[in-house]
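Q: here is the input, now give the coordinates:
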Amino acid sequence: MIKGSEVLKMLIPTGGWVIHGNDYSGIQFIEATPITQAQFEAGFTTYEAWKAEQDAAAAAAKATAEAKLTALGLTANDLKALGL
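A: Okay, here's the model as predicted:
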């Protein structure tokens with residue numbers, strides 16, 4: 001089940017809001033530009049696709065970093081041993 005806080009993190013990633021529960025009425029916009037109830041509710045529909053894109057981008061970035069390490073003759077464990 002998608003939480004209202006996850007939707008808000010997608011729609012307003014810079015923060016500035018607090019939510020109590022999963023309803024629009026539980027949102028307090030502290031330092032963020034308020035969104036509409038329609039935008040919030042539409043976010044529940046688009047969240048899963050957005051999250052999949054974010055996960056794919058993170059996996060691609062990790063694969064790129066690992067390829068660069070391999071090109072340098074290093075592994076992720078080598079970096080851990082160095083404290084990086």
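
Q: name the helices or strands packed onto the helix or strand Lys51 falls within?
A: In this assignment (DSSP states H and E), Lys51 forms part of helix 37-71. If you count contacts as 3 or more CB pairs under 8 Å, 6 or more residues apart in numbering; DSSP states H and E, helix 37-71 packs onto helix 4-11, helix 76-81. C-betas here are computed from N, CA, C, even on glycine.

Q: mind running it again at 6 Å?
A: Counting contacts by 3 or more CB pairs under 6 Å, 6 or more residues apart in numbering; DSSP states H and E, helix 37-71 packs against helix 4-11.

Q: strand partners (parallel or antiparallel) of the helix or strand just after the helix it packs on?
A: Of the helices and strands lying after helix 4-11 in sequence (DSSP H and E), the nearest is strand 17-19. Paired strands of strand 17-19, with direction, are strand 27-29 (antiparallel) (DSSP bridges).

Q: then the element among helices and strands of the chain having the smallest mean pLDDT to PDB, C-alphas only?
A: Every helix and strand of the chain was ranked by mean pLDDT, DSSP states H and E. The lowest is helix 76-81, at a mean of 81. Coordinates of each C-alpha in helix 76-81 appear next as PDB, following Å, rounded to 0.1, in the frame of the first residue of the first chain:
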ATOM      1  CA  ALA A  76      33.400  -2.700  -4.000                       C
ATOM      2  CA  ASN A  77      35.100  -4.700  -1.300                       C
ATOM      3  CA  ASP A  78      38.400  -2.900  -2.000                       C
ATOM      4  CA  LEU A  79      36.600   0.400  -1.300                       C
ATOM      5  CA  LYS A  80      35.100  -0.900   1.900                       C
ATOM      6  CA  ALA A  81      38.500  -2.000   3.000                       C
END
